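>>> Let me see the structure of the following:
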Amino acid sequence: MESRYKILIITLLLSVFAPLSVSFAFDGPLQVKNQFPLFLHACPPYLEKASLEDSFSLTLSHSSTYLVQRSERWTVNLDMEITEVTLRYRKIMGNSLELGLNIPVIIFSSGFMDGFLEVYHKTFGFPDYGRSKRPLNSFLYEVRRDGILVVKGENQTGLGDIRLSIKKSLILSDRFNFSIKGIVELPTGNAERGYGNGSMDAGFSILFDKAISENIISYWNFGIVFPGRLKGYTTVDLRNFVYGALSVEYLANKHLGLIAQLEGHSSIYPETGISAIDGTVFLLSLGGRYYSGNSSFEVSLTEDLNTTGAPDFILNLSYKIKFH
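This is a model prediction of the structure:
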């Protein structure tokens, strides 16, 4: 890992030891999840703040993925862009419970970014992982195990797996927030085409918010996800995976927040012999958020730190309105 990433990680980790003194008016971590096509249907987490809220948000994410590799048993062909539009609703019940609903609409496409990425890789001398060997802006999504088709995506739009959540606040104060959260993902997406896995997923996490100063706050998430079996053209048993994440927001003024977050999770698929799938995933997101009254707008860019289990990039836009 490059030295600049090590410096960022150390800086974020040191934040936990800083003093507390802020009331929580911040909107939480960046609304980003891993859009790697093979993990998209396995209930990848959104990072959350521990405090509760009544809100509605609209999130638009766009990513580009290229992975064309084979192993002794697996063939994975991914050359695609994914646009995901997600409606998220949060409702406080009583004094300590928050219910949530996520409805994703997913667009698989050949996209428009290949030309830009080709120039980018050539200009800075970065490897393109063989992307230049395929036609620009072409679509390919096919996964096979032992020669048998598992998933074959198409250049079209579909409903993803709908997610329900419940968050229980255990400590809620001006100095420190601590909550637990449970999620269930319903098999509403088509598994054969890659929009879902055809099974019920579940997860559990612990969340806490810790202030660093009057204008800096950290959000910590740790959890485990139990994805159901992938019931595509053939069935694949997916692994339970653990994840951890840290997000830090600096409020530059009453309208502008700057956010950096780091997330990691273990592998989700059984051993494939393809390192870009079998390794641990690390995502670094950098972004900003504009606050205006009860609403906020955020933009962020997410990069894959170790070229494993993640898109080449994720561009994310989100608008949120809070009801109190």
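>>> Pull up the pairing partners for the one helix or strand Thr86 maps to, direction included.
Using DSSP states H and E, Thr86 maps to strand 74-93. Next to strand 74-93 in the sheet, as set by DSSP bridges, lie strand 55-70 (antiparallel), strand 97-109 (antiparallel), strand 140-145 (antiparallel).
>>> Report the rounded mean pLDDT for it.
For strand 74-93, mean pLDDT is 96.
>>> Asn316 is in what secondary structure piece?
Using DSSP H and E, Asn316 falls in strand 313-322.
>>> correction: Ala276
Using DSSP H and E, Ala276 sits in helix 275-278.
>>> hmm, back to that, now tabulate the strands paired with strand 74-93 in CSV and tack on mean neighbour count.
Yep, even glycine has a C-beta here, placed from its N, CA and C like the rest. CSV is the format used below for these (neighbours: other Cβ atoms under 10 Å):
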stretch, mean neighbour count
strand 55-70, 19
strand 97-109, 18
strand 140-145, 19
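>>> I'd like to know which of those strands lies nearest to Gly264.
The closest of the strands paired with strand 74-93 to Gly264 is strand 55-70. By Cβ to Cβ, the value is 17.9 Å.
>>> Mind checking the pLDDT average for that closest one?
94.
>>> How about the strand holding Thr86, which residues are buried there?
In terms of neighbour count (16 or more other Cβ atoms under 10 Å), strand 74-93 has its buried residues at 74-84, 86, 88, 90, 92.
>>> nearest to Gly100, of these?
Ranking the buried residues of strand 74-93 by separation from Gly100, with Cβ to Cβ as the measure, puts Arg90 on top at 5.1 Å.
>>> Tell me where the stretch 101-250 of the chain is predicted with low confidence.
Residue ranges of the stretch 101-250 of the chain with pLDDT under 70: 111-137.
>>> Mind jotting down where the helices sit in it?
With DSSP state H, counting those that start in this stretch as the criterion, the stretch 101-250 of the chain has helices at 114-124.
>>> Can you name the residues bridging to Lys231?
Applying DSSP bridges to Lys231 gives these bridge partners: Thr235.
>>> Tell me where the stretch 201-324 of the chain has strands.
201-213, 216-226, 230-231, 235-236, 241-251, 256-265, 281-292, 295-304, 313-322 (DSSP state E, counting those that start in this stretch).
>>> Direction included, what does the fifth one pair against?
The sheet places strand 241-251 alongside strand 216-226 (antiparallel), strand 256-265 (antiparallel), with pairing taken from DSSP bridges.
>>> same question, the first one
According to DSSP bridges, strand 201-213 forms sheet pairs with strand 176-185 (antiparallel), strand 216-226 (antiparallel).
>>> could those go into TSV alongside mean neighbour count?
Output for the strands paired with strand 201-213, formatted as TSV (neighbours: other Cβ under 10 Å):
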stretch	mean neighbour count
strand 176-185	19
strand 216-226	20
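>>> how about TSV for these, with distance to Leu58 added?
As requested, the strands paired with strand 201-213 are exported to TSV (distance: least, Cβ to Cβ, whole Å):
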stretch	distance to Leu58
strand 176-185	20
strand 216-226	21
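>>> For the nearest residue to Ser63 once chain neighbours are set aside, give its distance to Gly293.
The spatial neighbour of Ser63 that comes closest, neighbours along the chain excluded (Cβ to Cβ, 6 or more residues apart in numbering), is Pro311 at 3.7 Å. Remark: distance between Pro311 and Gly293 (Cβ to Cβ, to the nearest Å) = 33 Å.
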